[in-house]
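S.K.: Show me how the following folds:
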Amino acid sequence: MSQTEEPVAVVALEISPRTKPSNYPEPFASRMAGREKRPLADFFGLSNFGVNLTRLIPGAGSALRHAHATQDEFLYILEGHPVLVTDQGETALAPGMCSGFKAGTGNGHQLVNRTNSNVLYLEIGDRSAGDSVSYPDDDLKAIFGSEGKWQFMHKDGTPY
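M.R.: Model (predicted):
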C-alpha cells in the first residue's frame with residue numbers, strides 16, 4: 001500500500017481512542033471518566049454520519065442524559081449489560097440488543113454501566129449542522145455550529 005492509500009478495513013479496537021474524553025465543559029466533562037470512544041467513521045474520513053466504538057468501564061456513563069433536535073442516534077450493544085435510561089424509565093440491555101432515538105422527540109437518553117464488567121457498544125448518528133441538544137437533568141444545552149463544533153451554554157443561554 002502506498003503512503004497515500006487509505007486502508008479499506010481495520011480491526012476496530014486498533015483505532016486509537018479520542019485523546020479528549022469529552023467535549024462537555026466542566027463540571028460535566030469529569031463525569032465522563034471511564035468512557036473511551038474510538039471514532040471509527042472519522043478514521044475513514046466519513047462526514048455524513050458518525051460511528052463510535054465506545055467502552056464503558058464499571059460505573060461509567062455514555063453521556064449526560066440528552067436529546068437531539070435534528071440528529072438521529074442508534075446504539076448496538078456488543079458486550080456487557082448496560083442500563084438504558086430514558087424518559088420512559090430504565091431498560092436493561094444485553095449483547096445483540098439495540099436502541100434508536102429519532103431526532104426531535106425530546107426523549108432524553110443515556111447508557112449507564114452498573115455492572116462489574118466493561119460494556120462495549122456502537123453508537124451511530126448523523127452529523128447535521130444546526131443540531132441542538134437538551135439535557136433534562138443538567139443546566140446545559142448545546143448547539144452544533146456550522147464549523148462542526150459543539151457550543152455549550154447554560155439553559156438561560158449564558159456560555160460556559
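S.K.: So residue 13, which state does it fall into?
M.R.: Three states are possible here, and by DSSP: H, G, I helix; E, B strand; the rest coil the one that applies to residue 13 is helix.
S.K.: and it, what does it touch?
M.R.: Residues touching residue 13, when contacts are defined by CB atoms under 8 Å, 6 or more residues apart in numbering, comprise 38, 53. All C-beta spots, glycine's among them, are computed from the backbone N, C-alpha and C.
S.K.: Show the end-to-end separation of stretch 126-135, please.
M.R.: With CA to CA, to the nearest Å as the measure, the ends of stretch 126-135 fall 19 Å from one another.
S.K.: Tell me the gap between it and the middle of its chain.
M.R.: Between the mean C-alpha point of stretch 126-135 and the mean C-alpha point of its chain there is a distance of 12 Å (CA atoms, centre = their mean, to the nearest Å).
S.K.: Pull out the buried positions in that stretch.
M.R.: Residues 131, 133-135 are the ones in stretch 126-135 that count as buried (16 or more other CB atoms under 10 Å).
S.K.: Could you let me know which of those ends up closest to residue 113?
M.R.: The shortest approach to residue 113 among those belongs to residue 135, at 19.5 Å (CB to CB).
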